[in-house]
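1. Pasted the sequence and its predicted model underneath.
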Amino acid sequence: MLRRIRVGLLAAANASGLSRLIGASGWRQNRLLILCYHGISDSDLHQWNPSMFMYAEEFRRRLQLLRDAKCHVLGLGEALTRLENGTLPPRSVVLTFDDGFADFHRLAWPILREFGCPATLYLTTYYMLRNVPVFDPALDYLLWTGRNRQLDWPEIVAQPVSLDPAGRELMRKVLQIHAWKMKLTAAEKDGLHTEYYLGTVADLQAADGAWLVSSGRGMARLRSLDGRPLADNPAATARLCALAGF
């Protein structure tokens, strides 16, 4: 309901020319618009979860709208600096993508390149090293792909469950509670053994370096751990900072 009201108000503002007046105003020039995305779809992901995935052609249409509106799409670092300095160009926009799904490289990046738009990608570093689905959304997607069928899993539920919307929501909760009762860690839900992802101090000492990363604050090298010095690798630090956009 609220979304329909917002869409209606936006349509009215566009039809009346109010959007164009706001876009050209000094009020808008002193503000930075950040558009946040998760995933881009060319299959059925946008039908499964339209709040997380956008169809590729719709994303291309959005970028064309920004171009037609003469928006200036800036990188996040430059935009924040110019916002602080009061030098933002008219209609400044930043594009960000969360999580770093594979579809960013396969679908979003070619479209961004086509329009010459920079974007900031927030990577989920855990899954960069482990090519497995994230448990909760993968569970939800699998139940959705089985829609209007029956799930017969006697080890989990006593009776078969019809995977209509109510049945899918029931099974999502049942399976999440089952994982909780089993005391499964995130790694175990991904099918990984604990020793696969835990490192020791000795491992860090033997590595080329160790860094702490914050998407909001940047990157810092760890100099020691438990009083033991860690490798200093300025070149690797510079490369990682560049890759992360800091």
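-> Noted; the coordinates are in hand.

2. the strands in this protein, which residues?
-> 33-37, 39-41, 53-55, 72-73, 92-99, 120-123, 150-151, 161-162, 211-214, 218-221, 224-225, 228-229 (DSSP state E).

3. got the contact list for the fourth one?
-> Going back to what we said before, that points to strand 72-73. Here strand 72-73 makes contact (CB atoms under 8 Å, 6 or more residues apart in numbering) with Leu66, Leu88, Pro89, Pro90, Arg91, Ser92, Val93, Val94, Leu95, Phe115, Cys117, Pro118. For every residue, glycine as well, the C-beta is placed using N, CA and C.

4. ok, for the third one, nearest residue in space, not its chain neighbours?
-> By that I understand Pro89. The shortest distance from Pro89 to any non-neighbouring residue, by CB to CB, 6 or more residues apart in numbering, is to His72 (4.2 Å).

5. quick one: the one you found from Met182, how far?
-> Remark: distance between His72 and Met182 (CB to CB, to the nearest Å) = 51 Å.

6. what bridges to the residue nearest to Pro89?
-> Counting by DSSP bridges, His72 is bridged to Ser92.

7. I'd like to know how many residues surround it.
-> His72 is flanked by 14 other residues according to other CB atoms under 10 Å.

8. Show the pLDDT at Leu184.
-> On pLDDT, Leu184 comes in at 78.

9. elements contacting the lengthiest helix in the chain?
-> Longest helix in the chain by number of residues (criterion: DSSP state H): helix 165-181. Applying 3 or more CB pairs under 8 Å, 6 or more residues apart in numbering; DSSP states H and E, one finds that helix 165-181 contacts helix 135-145, strand 161-162.

10. What residues of it count as buried?
-> Gly167, Arg168, Leu170, Met171, Arg172, Leu175, Ala179 (16 or more other CB atoms under 10 Å).

11. what do you get for stretch 39-55?
-> Buried residues in stretch 39-55, counted by 16+ other CB under 10 Å: Gly39, Ile40, Ser41, Leu45, His46, Trp48, Asn49, Met52, Phe53, Met54, Tyr55.
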